[in-house]
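Engineer: no FASTA, just this:
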DNA sequence: TACAAGTAAGTTTTT
DNA sequence: CTTACTTGTA
C-alpha cells in the first residue's frame, strides 16, 4: 500500500495552550516535543519522568494527533490512569480515546477485538498464576505423575519453570539445566507434563499470562492484516518502565512500531527489578541498536528528594556492576540526613516505626504521605499487629490479595464457566466443592459434559452412578446453572446468586471462619457492582486485580487519603512519599536469602535503590539485630551488605532504648 | 471411591 | 500458613 503524507497546515500547530518551554527543563522539553521517530529517555529516579510523558501526550494532541492514535504501555493500569488524569488536568480539552494499560491487558483487548480475523472463538479465559498451577496439576494427574516418589516437583515449581522458559526465551530443558539442575533426572516427565499443559490450554480456550504475550507477538508477525490494522490505529507508541520489559515484550514493541517508527521508550536501568520474571535491563541499552536513528535523552535532575537522601542512594547504586552512568543531582535545597536505626529485635523495630509514625502525624504530616517499605510481604506482619494496636489505619500493597483466597476463587470459578463453558479448570474446581464428589467423579462428569450440545444445566442428568449426597448436590448445582443468565443479569446479580448457592458449601468446608470469608465475598459483590459486562469483570480480575491485600478491614471507615501505606518495594515503584521507612534492611531479608547469586544480588541492589529513592524529605532505614528463626531460634542479624557501600557519615545514627 | 485426620515439607518479588 | 501425600474408615 502506498502512503501519501498530508502536510500540516502552517500556523495551526504553532500556537500551543501550554507553555512547554517554561514548564519543563531543557531535557524534559526535548523529550516532550520530539514527536517523530524513535526516542529513548533515560530518566533517573524522581527526574520528572511522568511529568514529561504527560506533557508529551498533551503536545501530541495539541499538534492535531487524535488521542485514539496514542498507545501508552505502562507497568500498571494505575500508572496509565494517573498519567491520563494529569494530562487531562493540563489540557482541559478531552483526551478521551488514549489507549493505556499493561502489555497483558493490551494483548487481551486486541486479541479479543480481532479474534475473528484469525478464526478464534470469541471467548477465552485468562488463567492467573494459581489457575495455571491448577491446570498444570490436572495435566500432571492425568499423566499419572502424582503417584511418584517425592522427588517430582510440585505444581508451583512446574508452572514456574514453564513460565520462565517463555519469558527468558529458553526451552524448558534449558531452564531446568540452568536453574533446577537437581531435577535433571526428571526432564523427560517434566517435558511430557509441559506438552500436556500446552495441549490442555489449546483444547479449552485457556490463555495464561505468557500466552497473552506470545499470541500477540505471533499474530503480529504472522498475520499481516492484523499488524497493519494495529499500525494504522496506534501511530504513536510510548512505553514506560522499559527496563522492566523482557525480550518478548521488546519484540512486541518493535512489531507495533514497525509501520511508523514512532516509539518512545522511557526507563531507568538502575531501577530494573523484574529480572526474576525475565525482564532484561539490557533491553534499554540495546534500544538504539534496534531502532536506528534513536535520539537518546537523559534526565538527571532530581525534583523529588533532598540532597542528603540522594547522597545515600547515589552511593548505593554507584557500587552496581553495570549501568548507564548518571549521577542524580537534587534541585532541592536543605534536608536532613537519612536515619539508620539498629533495633534489638523485630518487635523493637515495629514499635519504633509505629511510634515515629504517630509523632509525624502529630507534627501534621498526613498518613497518606508516609510509607513503610519492605522486601517481602511477610516482613510487615509484626508491624501490622503493632499498627492495629495503635489504631493507625493502613493499606497494604503487594503480597497476597483477597482475590487469591480460596473462597473468592471458588465464586469466580462459577462465573467463569458462564463465560467459557469449556473452562474445565473452573468446572473441576466447582465440582470438587460438592459433597460426595471427588476427582474421579468430577472427571467422569466433565467427560460426559464435554459431548457437544450439552448445556450447563444438563449436569443434573448425569447418568453415572453417584451416591445420594453427590446426586443431591449435583442437582442443586444444575439448578443454579439453569438460573444464571449472563445475558439478562448484571454481573453483580450473578455474583449474588452464586454466593447464595455457595454459602452452605462454605460453611461445610470452613466451619471455623465462615463468617469472615463471607464478608470477603460480600466485598467482592460490591466490587462487581462496578461492571456491566461479565467478560470485562473476569478479565480485570485476572489482569488488574484490586491491589489491596487481605484483611485491611481496618481501613473501611478511614478516608482513602488518610491511610498509611505498607508496601513491597516492587509495588512501590513509581510512587513517592514525604517520609519513607525501609524495614528489615538486614542481610538475608534485604537482599533476600533466595537471591544470593551474583546477578540476583545486583537486582537486589537496584531494589534497595528503588526503595530509598521513593523518599522526598525523610528516609529511615532500620534492621533488627536479633532474628527469630523457626529452626535455629534467635540468631544475630547483619545489616544489609548494601549499607557497606555507604559512608557512615551520610547517616544520622540512632540508638533505641526502652523507657524506664 | 470419598473423605477425615495426620504428617511432612515448602514458602520472594508480579502480570 | 498452605498444600502434598499417606493412612484408615465408611
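Structural biologist: Good, I have the coordinates. What you see is a predicted model; the values in this text were computed from it and never measured. Numbering: from 1, shown residues only, chains lettered A, B, ... in the order given.
Engineer: rest of the way, CA atoms for contacts and neighbours
Structural biologist: Fine.
Engineer: helix/strand/coil for residue A:512?
Structural biologist: What DSSP: H, G, I helix; E, B strand; the rest coil gives for residue A:512 is coil.
Engineer: Find me the pLDDT at it, would you?
Structural biologist: Predicted confidence (pLDDT) for residue A:512: 70.
Engineer: Could you do the one 10 residues further on as well?
Structural biologist: Per-residue confidence at residue A:522 stands at 85 (pLDDT).
Engineer: Flag the shaky bits of the stretch 301-450 of chain A, pLDDT-wise.
Structural biologist: Low-confidence segments of the stretch 301-450 of chain A, defined by pLDDT under 70, span residues A:323-325, A:399-401.
Engineer: near DNA strand B, which residues of it?
Structural biologist: When proximity is defined as C-alpha under 7 Å from any atom of the strand, the stretch 301-450 of chain A approaches DNA strand B at A:375-378, A:397-399, A:432, A:434-442.
Engineer: mind redoing it with 6 Å?
Structural biologist: A:376, A:377, A:378, A:398, A:399, A:435, A:436, A:437, A:438, A:439, A:440, A:441 (C-alpha under 6 Å from any atom of the strand).
Engineer: just the stretch 101-250 of chain A next, same as before
Structural biologist: Applying the criterion C-alpha under 6 Å from any atom of the strand, the portion of the stretch 101-250 of chain A that neighbours DNA strand B consists of A:102, A:104, A:129, A:209.
Engineer: same thing but 7 Å
Structural biologist: Selection of the stretch 101-250 of chain A residues close to DNA strand B by C-alpha under 7 Å from any atom of the strand yields A:102, A:103, A:104, A:105, A:128, A:129, A:157, A:209, A:210.
Engineer: What subset of those is buried?
Structural biologist: In these, burial by neighbour count holds for A:102, A:103, A:104, A:105, A:128, A:129, A:209, A:210, counting by 16 or more other C-alpha atoms under 10 Å.
Engineer: what comes up buried for the host helix or strand of the last one?
Structural biologist: Per DSSP states H and E, residue A:210 falls inside helix A:209-222. Neighbour-count burial for helix A:209-222, with 16+ other C-alpha under 10 Å as criterion, is recorded at A:209, A:210, A:211, A:212, A:213, A:214, A:215, A:216, A:217, A:219, A:220, A:221.
Engineer: likewise stretch A:356-367?
Structural biologist: The neighbour-count check on stretch A:356-367 (16+ other C-alpha under 10 Å) flags A:357, A:358, A:361, A:366, A:367 as buried.
Engineer: can you put those in JSON lines and add secondary structure?
Structural biologist: What follows is the buried residues of stretch A:356-367, written out as JSON lines (three-state DSSP):
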{"residue": "A:357", "secondary structure": "helix"}
{"residue": "A:358", "secondary structure": "helix"}
{"residue": "A:361", "secondary structure": "helix"}
{"residue": "A:366", "secondary structure": "coil"}
{"residue": "A:367", "secondary structure": "helix"}
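Engineer: tell me which of those residues is nearest to residue A:628?
Structural biologist: Of all the buried residues of stretch A:356-367, the one with the least separation from residue A:628 (C-alpha to C-alpha) is residue A:357, at 24.8 Å.
Engineer: list the contacts for that closest one?
Structural biologist: Shown in contact with residue A:357 (C-alpha atoms under 8 Å, 6 or more residues apart in numbering): A:367, A:370.
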